[in-house]
Every structure is written in structure tokens, then in C-alpha cells.
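Enquirer: turn this into a structure:
(chains A and B)
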Amino acid sequence: MMKGKNRQVKDVIVKTAADFFTPIALVLGFYIILHGHLSPGGGFQGGVLVASAVVLIYLGYGYNEVSKKFNMEIIKKNEALGAILFTVFGLAGIIYGSVFFTNVFANIGNVGDLISSGTIMFMNNSVGYKVLTGVGFLILLMIGLLAPDNEK
Amino acid sequence: MQHFPILSIVTLFLGAFLTVIFGSKNETVRKFIALIASSISLILVLMLIKPIMIEGNIIQYWLGNWRPIHDWAIGIGLEVDALGLFFGIIAVLTIFLSVVFSFKYTKKDSETDKYYVLFLMLSGAVLGLVFTGDLFNMFVMIEIMTFAAVGLTAFRNYQEGALEAAFKYLVLGSIGSSMVLAGTITIYSQVHTLNMAQISALLFNNLTPAALFAFALLLAGFSLKAFVVPFHPAAPDAYMSAPSSVSMAFSGMVNKAGVYAIIRLVYVLFHAMDFKSIQILLIIIGTITMFIGVTMALAQNDFKRLLAFHSISQIGYVITAVGVSTALGLTAGLYHALNHTLFKGLLFLTAGAIFYATGTTDLNKLGGLAKKMPQTAAIFLIGAFSISGLPPFNGFVSKWLVYQATFEANMAPVTIVALLVSVMTLASFIKVAQSIFFGQMPKEFENVKEVPLSMRIPMWIMAILCVITGILPNVVTKYLVSPAVSAALNMGKYIDLMMGSGYAEKILGKPIEIPNIDFTLAGYWNPVAWLVLFGLLLIAITLVAVAGGFNTVSLPTEVDDPKYDVFFSGEASEHSHVKGNDLFWGLKHDLRHYFGFMHDAHSGIINDYALWAIFTTTIFIVYIFLLVP
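Expert: This next block holds a predicted model:
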């Protein structure tokens, strides 16, 4: 690859692979976040998988495309939103149950269904949301540092 | 009421997250959020005083309602006893006053949303650390605390040395956290639980070599968080480059979190204070800490750096007193921890006020500011008298208790060192007072103004608390310190409440007797009498002055006439200001080998400091293996 000159026109193989794998990473990541209370994995693991899509896009399209597509300020706020949601679901334990973090509304649905486990699922999803935004933010920060100055 | 501890922690964290979303644009919003979060937390913790301190209850709280099953603690639990609450009160007080102070203080800084986010995270982590009943949770809180503290150290990254200080803190803090983690893992492999009450029960009379190893690692890790010598070198840099409101939080609660963890570790988790060798170890590191801290402070030229070394030195008093494992010793240690938070917070705020007004904290550049900032000067004097241990201020009471405790434990040499350190503390604060508030005022400070009201209010609150804890030692001891002391010594109750009653007796085999906390203060001292004496002297001097007894008439009122000027070897007087460096040069010259050695030892290279930390940990491990069982 030529140094610094035409970073945006990448290898066609890398670009195709990125196109191919990005949806898979997203779908798998969101699946693992959503099914964290039923199957192995959880919010954290799924969140990291989703955030890895950012790396794939960077590899395929370069820093310019990534910086156009993602707004870091909004990502940062969404990360805090994830944390707030997690705390609010924890506080729901105090309001509807006995103590903080109690799993309430757990009797809805059949065992094994997606919606069957009360607030624990939503806490899991908030963690996933926080991690996918948080790790995504970190990756953007790092590739921002890697990018040559003329692309910024 | 049982929800208060968790709510006080959650409020602070929630405040931090809300600041990210709503406070990034608007200054008023983020101040509002920080103020609301810290005051709610303050109120919730203060409301716990009645049930816990006075009625002697312990609050146990299993998150998610995961109670112990078959005598095994499977969930994360909060357990707030009087010891935890004592440090919790210290923490919330510091948080609240620091937040109020920082409103105006950070006026000139940009991106203060990050400041408030990190500060609220730091506060929540400290509060979580002192309220938790779970060893791994403690580690998590220590990690949050360390990283928030590192971020805050680098907050004024335009200042010289701020990033370097943050890097040093990051490296040393990570070493400490790793040691805590390693110790936690080792304990978990031994007793298969992370609940502190259950660990305490299972480790009773069961100190396997692995448990001793874990003890040494945890002691080293927590000592690093408390900045005990020789783990201290990150502290002066961090305290100096952080904003003063953060330095106050560092010395007021981050340090104290380390001290709390040490007390919890040696008294409750490992029952280690029955061993003479552990007592000696703590007394040795405490004495070294207070001596090296104060001598290093004598040699400093920067106000905040000097305060940082004093902070280290005062923590030495606390550790020494805690090491004297009598009830009196623990009382002295806890009382001094409380007082240290008050007067050192006060002094750091004074430093912040000086920086706000003049833009520097360099002792060699300042001078004569008492005329321009009379309230700050008065507050500074209260803080300086307190830390130097002059009656009737609070430092006197707790230092007296430390002397008495060490002396009664047949540790007269330690008492002598403590007295010597106190004298040197006074000496170095005379230097500070002379170089900042008195003496010649340099020309560039002629337009200096007193700091705004919102900065003076927290300072006055702290100053008043300094006097109150000084003249009412009996009340403070009765309602705050003694319950905490008896909680630290009464591990049977601590275990029982968490694991179900009867558990402690079943595992320990016998009910643990609680030592009676009963002591009388030695000597004929009465703080109120001292206060009256102070007042009388002040009135007498005022009367004499009003009556013209000082004969001010003969003093020249025209200063322009050069014949009345003090003769400074032909130089203009403003060039002859006695600088902070020049005071005590004789002492420094006589001890030049010692100071030279200490100066060379503090090389500023992080590799050296990391080596010190690892080396000292090794010494702890060897010492404990050789001498404890």
C-alpha cells in the first residue's frame, strides 16, 4: 500500500471482506446481546462484537469514511445513556421488589423465551449498549490517533 | 433506611452519567447536577449516623437479594458498620465541600464537564469502597477510584508536569491494584468466598502460608493507595498538578480509603492485630512515613507539594496509631484521620485560593498576601495551627492521643519521633505563613483580591469544623470515633450480621470478647480553657492597642522617606524579601547529607519508584512469612 497517499482506495479484497463481514458482526453481536440471559455470552461480549464492526469499516474504507459516518459526541452520550438505563433497571428492583438489583417482573412468558426473565434482560441489554458504544468510542479514538494528519 | 448506603453510592454515579448527557454544553446544568448528587449523598450518609453510630446497628444489604445459602455467601453484599460509616462521613463531607469549592475555582478551565464526571466517579468509588462487604467489589471500587484519580490529576494538562504526574500515578496505582487483585485471588483460592465477613470467619486461627502471602500483598496494595512511604512518590506530583479541589479530595478521601482498607484488613479480615509482629510492622512503616514525609516537606518550595508531603506525614501518624492495637491507639488513629481530612482539606483549599488569586503556588514568588486576602490568611492560620497541633485546635487532641497511645504501649521512641515530627510540621508552616501571607509583597500582586464567597464558604465550614473537633473532643469521641473503634474490634458482630446469627460462634468456636473502650486522657488539658486563654490574650492585646500602649505614634507614617527604610545592604527592599527557601537554611545545611540523600532518592524516574514498590512488597512478604505464625 502506498504510504499515506491514497488510503481511501483500499485493496478490493479487504473492502469486499469488510462488506461481507460487517453485517455478520452486527447481527451476531446483537443476537448475543439480546440472548445474554438465555445462552452463553451477554451484554459485554456482544457489545464488543458490535464494536468490532467499526474496525471492519475502517479496514475497508479508511479513516475518512469512518469519521464521516460516526459522530463521537453522540456515541459518548449514548454510552452514558446505557449506564443510566442500567442503574434505572437496578433501581426498579428497589421500587418494585425488595433491594437494589432485584430481578422483578420475572414471571412473564415461558422459560426460554426471549421475554421471560424480568428486568435482568434489560439490564443485560443496557450493558450491551454501553459496551458497544464505549468500545466503539475507544476504537474511534485509537484510529483517530493512527490516522495521518492530512486526513483529519 | 437500609437502602441509604446503596442510594448514596448510586446517586453519585448517576450524577456522573447524567453530566455526560446533559452537562456537556451548559455550565450551570453540570454544576447543578454535581451539587444535587453530592448533597443527596451527604444527607443520606448523615442520616445513617443515628441508627449506626448511636444505636449501634449494622446495615447489611444483599444486592439482588442473593442471601447466603447453606452458610455460603454467594452474592455481593454491602455491610455498613460504624467503621465504614466513619470513613463514609469523611468522604461525603469532602465530596460536598470540594464540589462547592470547585464551582468558582474551575472558572478558568475548559471542559469542566469531564471534571465533574470524573470527580463524581471518584466520589462514588470511594463511598462504594467504604460501604462494601465484598473483597472483589472493593478491588473494583479501588480500580474506578484510581483511574478517576489519574484522569483528574491530568485535568490541567496545560500545566507543566501534569501529564507526567498522571503517568506516575497510573503506573504506581496499577501496581497497587494488581497486588490487591492478586491478594484477593489468593484468598479466594483458600477460602472459596469473597464476602469479607465470611473470609474473616474462615481465616480465624487458620492462617495458611497462602493466606499470609495474600495478607502481605493486600497490605502492600492498600498501603500504596494510602501513599505510605516508600509507596509515596506518586502522591506529591499528583497532589501538586491536580486542581486544589481535587488535591483536597485526594488527601481527604482517596488516602483515607487506603487507610480504611488497611484497618479493615488487619483488624477484621485477618485478625492480625493479635500478632506483635504485625503491630511492629505497622508502627515501623507509620513512623518512617511520618518522619520522611515531614523532612521532605521542609525542603519544598511549592505550597501544594509541601502540603502533599505533610499529607503523607500525617497518614504516618494514623498508621502508627492504628498499629498500636489498643482501643486508645485506634481511637487516636481514627480521630487523626478525621482531623487530617479537615485541616488538610482546609489547607489545600487555601492553596487553591492562593492559586486562584495569584496564579502561582511557588513559595519563593509569593509574599505579603495577608493584607489583600485577610480571610484566606485567617483560615490558613487555623489550618496551620491545627496541623501543627496547637491547642485548642483539633490537631492537638488527636496528636495528644497518638502520643499517649504510643507511650502507654511502651513505645517511647515512637512518641519522641512523633513529637519531633510535630515540631517540624510547625516549623514548615511558619515558613509557609512567612512566605505567602507575611513579609514583603512583590509588586505584581498589588491588584490581588480576596477569593469569591462560594470559595470562602467551604473554607470557613472546614475551619469551623477544625475548631469544633478541637474544643469538643469528648463529643466527637463519643458519637463518631468510639463506635467506629468498637466496630473495628467487634468482628463477631460483623460476621454474624452478614452470615446469619450464630455463624461466628459456630466457625470461631467461641464468642469473641470485645475489649472495653475505656481510657482517660493523660495530663491536665482542657481545650476550652485554652480557648478562653486565647480569647483573653486577644482582648488584652486589643485593649492595650486601643489604649495606645504600643505607641504607634513614633513609627513613621510617611514611608516614602528613604531614611526610615530598613537597610538591606543597598538593595531595594522588595528584592530582599526573605524567601521560603531561605528559612531554616541552617537546619538544611546541618542535615545536608540527609537532605541530599533524600533528594537523590526521589529521582522522579518512575522505574525507580516502581522498583521501590515491588521491593517493599517483597520485604513485607518475607517479614510476614518469617515472623507472623
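
Enquirer: what's the weakest-modelled helix or strand in chain B?
Expert: helix B:503-508 (a mean of 72; mean pLDDT, DSSP states H and E).

Enquirer: tell me the helix or strand right after it.
Expert: helix B:527-546 (DSSP states H and E).

Enquirer: show the model's pLDDT score for the residue in chain A that chain B sits nearest to.
Expert: Taking C-beta to the nearest C-beta, chain B has its nearest neighbour within chain A at residue A:80, 3.6 Å off. Yep, even glycine has a C-beta here, placed from its N, CA and C like the rest. Note on residue A:80: pLDDT of 91.

Enquirer: run through who's touching stretch B:139-155.
Expert: B:109, B:114-115, B:118-119, B:121-122, B:124-126, B:128-129, B:132, B:162-163, B:165-166, B:169-170, B:173-174, B:176-177, B:180-181, B:184, B:221, B:225, B:238, B:241-243, B:246, B:249-250, B:254, B:257, B:261 (C-beta atoms under 8 Å, 6 or more residues apart in numbering or on different chains).

Enquirer: what strand or helix carries residue B:310?
Expert: Using DSSP H and E, residue B:310 falls in helix B:303-323.

Enquirer: what about that helix, distance to the chain center?
Expert: 8 Å (C-alpha atoms, centre = their mean, to the nearest Å).

Enquirer: which elements pack onto that helix?
Expert: Contacts defined by 3 or more C-beta pairs under 8 Å, 6 or more residues apart in numbering or on different chains; DSSP states H and E place helix B:303-323 against helix B:234-241, helix B:244-249, helix B:255-263, helix B:276-298, helix B:327-358, helix B:394-408, helix B:412-432.

Enquirer: packing partners for the shortest one?
Expert: Which is helix B:244-249. helix B:82-105, helix B:112-131, helix B:135-153, helix B:303-323, helix B:327-358.

Enquirer: may I see the buried residues of it?
Expert: Neighbour counts over helix B:244-249 (16 or more other C-beta atoms under 10 Å in any protein chain shown) mark B:244-249 as buried.

Enquirer: what residues does chain A have near chain B?
Expert: Taking C-beta under 8 Å from any C-beta of the partner chain as the contact definition, chain A meets chain B at A:73, A:76-77, A:79-81, A:83-84, A:87, A:90-91, A:93-94, A:97-103.

Enquirer: just the buried residues from those residues, in ChimeraX please.
Expert: Per 16+ other C-beta under 10 Å, the buried members of the residues of chain A next to chain B correspond to this ChimeraX selection:
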select /A:76,77,79,80,81,83,84,87,90,91,93,94,97,99,100,101,102,103
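
Enquirer: export the buried residues of helix B:244-249 as a markdown table, with columns for pLDDT.
Expert: Putting those into a markdown table (pLDDT from 0 to 100) gives the following:
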| residue | pLDDT |
| --- | --- |
| B:244 | 90 |
| B:245 | 91 |
| B:246 | 93 |
| B:247 | 93 |
| B:248 | 92 |
| B:249 | 93 |
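
Enquirer: which one of those residues is nearest residue B:341?
Expert: residue B:248 (8.8 Å; C-beta to C-beta).

Enquirer: gap between the closest one and residue B:458?
Expert: 9 Å (C-beta to C-beta, to the nearest Å).

Enquirer: okay, and the common contacts of these two?
Expert: B:97-98, B:101, B:349.

Enquirer: now, among those, which is nearest to chain A?
Expert: For the shared contacts of residue B:248 and residue B:458, the nearest to chain A is residue B:98 (22.1 Å; C-beta to the nearest C-beta).

Enquirer: that closest one: neighbour count?
Expert: Burial measure for residue B:98: 30 neighbouring residues, criterion other C-beta atoms under 10 Å in any protein chain shown.

Enquirer: pretty sure it contacts residue B:119?
Expert: Yes: if you go by C-beta atoms under 8 Å, residue B:98 and residue B:119 touch, sitting 7.4 Å apart.

Enquirer: spatially central residue (nearest the centroid) of chain A, please.
Expert: residue A:132 (2.0 Å; C-alpha atoms, centre = their mean).

Enquirer: what sits against it?
Expert: With contacts defined as C-beta under 8 Å, 6+ apart, the neighbours of residue A:132 are A:29, A:33, A:46-48, A:50-51.

Enquirer: and it, how far is that from residue A:146?
Expert: 21 Å.

Enquirer: deepest of the helices and strands packed on helix B:303-323, which one?
Expert: Across these, averaging neighbours per residue (mean count of other C-beta atoms under 10 Å in any protein chain shown) puts helix B:244-249 on top, at a mean of 29.

Enquirer: now the residue of chain B found nearest chain A: closest residue in space that isn't a chain neighbour?
Expert: Using C-beta to the nearest C-beta, residue B:20 is the residue of chain B that sits closest to chain A, at 3.6 Å. In space, and not counting its chain neighbours, residue B:20 is closest to residue A:80: 3.6 Å by C-beta to C-beta, 6 or more residues apart in numbering or on different chains.

Enquirer: verify the stated contact: that neighbour with residue B:22.
Expert: No: counting by C-beta under 8 Å, residue A:80 stays clear of residue B:22, with 9.3 Å between them.

Enquirer: return every residue with contacts to both of these two.
Expert: In contact with both residue A:80 and residue B:22: no residue, using C-beta under 8 Å, 6+ apart.

Enquirer: quickly list what's touching both of residue B:98 and residue B:119.
Expert: With C-beta under 8 Å, 6+ apart, residue B:98 and residue B:119 have common neighbours B:245-246, B:249.

Enquirer: and residue B:71, how many residues sit next to it?
Expert: Neighbours of residue B:71 using other C-beta under 10 Å come to 13.

Enquirer: which parts of the helix-or-strand element of chain A with minimal mean pLDDT are buried?
Expert: For chain A, counting by mean pLDDT, DSSP H and E, helix A:43-69 ranks last in confidence among helices and strands (a mean of 87). Neighbour-count burial for helix A:43-69, counted by 16+ other C-beta under 10 Å, picks out A:43-63, A:66-67.

Enquirer: distance between that helix and the chain's centre?
Expert: The answer for helix A:43-69 is 9 Å, by C-alpha atoms, centre = their mean.
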